[in-house]
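Novice: next one to model:
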Amino acid sequence: MYFQYIPKDFEITPTVRGKVKLYRMSKVTSVSKKSSAKAEEKDNCCKYCDKVFRFPSKLVIHLRTHTGEKPFQCYICDKSFTTNNSLECHQRIHTGGKPYKCDICDEPFTKNYSLKCHRRIHTREQRYTCNICDKPFTRNGSLIYHQRIHTGEKRYTCNICDKPFTRNDSLSRHQRIHTGEKPYKCDICKKLFTTNGNLSSHQKVHTGKEPYKCDICDKLFSSNCNLRRHQRTHTDEKPC
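Specialist: A predicted model of the protein is given here:
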């Protein structure tokens, strides 16, 4: 118990005096903690964009988005990454490792984040909506990329043919047309693919799984892309 206010006529006994001192000490400690937190905040502030980070390690990773530093390199294809975690996820392309599996349709994924986004297909959870056309999305990143369709922003350009793209991963896929690179391999028939999505769709040929169901006619499909294409036959919607 701490005394915040003591009347003038209140008897100051040694016990009370001790509690008052404790209160004053606690106030000083609280102020010093706030000052320390502000100092840490200043230390963990990005010098390029003023974004503040709770941990210095997060700031170090963030700074690489400005400097372009990618210290983690794949020993198979020499591609570089800003974090070791990104490198480990990338190397699963070469090894075929997909440790994260959907508990509904058994589709495997290289990243836990991809699995979480995939699950929203089953739950129909689409928490992000475009404020221009009201189109819903399962991921905020997908919404941001979609909005560039409205703004016409294409910040990523191919260094070979100068074709612009709204997304960096779209640029990477496009560049494989020039390089002929097919980094995704089916672990059953060894067939190579330019994208992980094409590989995942192909692998269902071996498993025979068709986890995507049309909610209008109950027809089954092996990929969400094929399901959406089919659903346009019910709505007469033309593809973008």
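Novice: can you list the weak-confidence ranges in the chain?
Specialist: 1-42, 237-240 (pLDDT under 70).
Novice: quick one: the helices in it?
Specialist: 14-43, 56-67, 84-95, 112-123, 140-151, 168-179, 196-207, 224-235 (DSSP state H).
Novice: distance of the residue nearest to the spatial centre of the chain relative to residue 141?
Specialist: Geometric centre of the chain, nearest residue: residue 113, 6.4 Å, by CA atoms, centre = their mean. For residue 113, the distance to residue 141 (CB to CB, to the nearest Å) stands at 10 Å. Every residue, glycine included, has its C-beta placed from N, CA and C.
Novice: and the end-to-end length of stretch 154-163?
Specialist: 9 Å (CA to CA, to the nearest Å).
Novice: before we move on, what about stretch 158-178?
Specialist: Start and end residues of stretch 158-178 are separated by 10 Å (CA to CA).
Novice: for that stretch, buried residues please.
Specialist: 165, 166, 167, 171, 172, 173, 174, 175 (16 or more other CB atoms under 10 Å).
Novice: the first one and residue 149 touch, don't they?
Specialist: No - with contact defined as CB atoms under 8 Å, residue 165 and residue 149 do not form a contacting pair (11.8 Å).
Novice: quick check: the two most widely separated of the buried residues of stretch 158-178?
Specialist: Farthest pair in these (CB to CB) is 166 and 175. Separation: 15.1 Å.
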